[in-house]
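>>> I'd like to go over a predicted model; first the sequence, then the structure.
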Amino acid sequence: MTTTPNPTLTHPTMIEDFQRRERCAQILGSYEMLVWYSRHYNETLPQTRLRFQKEMIGMDPDDPRGIVWEDATEENVARVAEKGRREREGNKEREKEKEKGGGSKRKERGVAAK
């Protein structure tokens, strides 16, 4: 079976882009190929998957800047860390109160346990 070339892909760079993206899609679709490339680049599987996803959408996979998401700024990271710390402290305080009380909610409300 022969395939006919896509008439919209006429410029050589368009053909190269199409082939590169097609190759990335094939690698992302094959776990074995992904493992081979992760070993080749000495990366973890998620890092390699991200590399080929970036390349497939037209980004430079080796660009160290990458995408800076809005929630990845230092201020937001610090705010989220502080919120998590406060939540952990609150959970510890609730645990201490439970230990001090020594009783269940049923006893506190005056309901006899069956």
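Cool, the structure landed. Numbering: from 1, shown residues only.
>>> ok, longest helix in the chain?
Longest helix in the chain, counting residues (DSSP state H): helix 74-101.
>>> what about Thr48, how many neighbours?
23 (other Cβ atoms under 10 Å). Every residue, glycine included, has its C-beta placed from N, CA and C.
>>> shift numbering so it begins at 603
OK, 603 is where the count begins now, so the last one is Thr650.
>>> number of nearby residues for the closest residue to it other than its chain neighbours?
Residue nearest to Thr650 in three dimensions, not counting chain neighbours: Ser640, with 3.9 Å by Cβ to Cβ, 6 or more residues apart in numbering. Neighbourhood size, Ser640 [other Cβ under 10 Å]: 18.
>>> could you find the closest non-adjacent residue to Ala627?
Met658 (6.1 Å).
>>> check Glu701 and give its pLDDT.
For Glu701, the pLDDT comes out at 81.
>>> pLDDT score for Ser706?
The model reports Ser706 with a pLDDT of 53.
>>> point out where the protein drops to low pLDDT.
Residue ranges of the chain with pLDDT under 70: 603-613, 666-675, 704-716.
>>> report the secondary structure state of the most centrally placed residue in it.
Centre of the chain computed as the mean C-alpha position; nearest residue by Cα atoms, centre = their mean is Pro648, 8.1 Å away. Per DSSP: H, G, I helix; E, B strand; the rest coil, the local secondary structure of Pro648 is helix.
>>> could you measure from it over to Leu636?
Distance from Pro648 to Leu636, counting by Cβ to Cβ, to the nearest Å: 10 Å.
>>> how about Ala680?
To Leu636, Ala680 is 35 Å away according to Cβ to Cβ.
>>> residues contacting the residue nearest to Ala627?
Arg623, Cys626, Ala627, Leu630 (Cβ atoms under 8 Å, 6 or more residues apart in numbering).
>>> filter these to the buried ones?
Burial by neighbour count, 16 or more other Cβ atoms under 10 Å: within these this picks out Cys626, Leu630.
>>> quick check, nearest of the contacts of Met658 to Ile617?
The shortest approach to Ile617 among the contacts of Met658 belongs to Arg623, at 11.0 Å (Cβ to Cβ).
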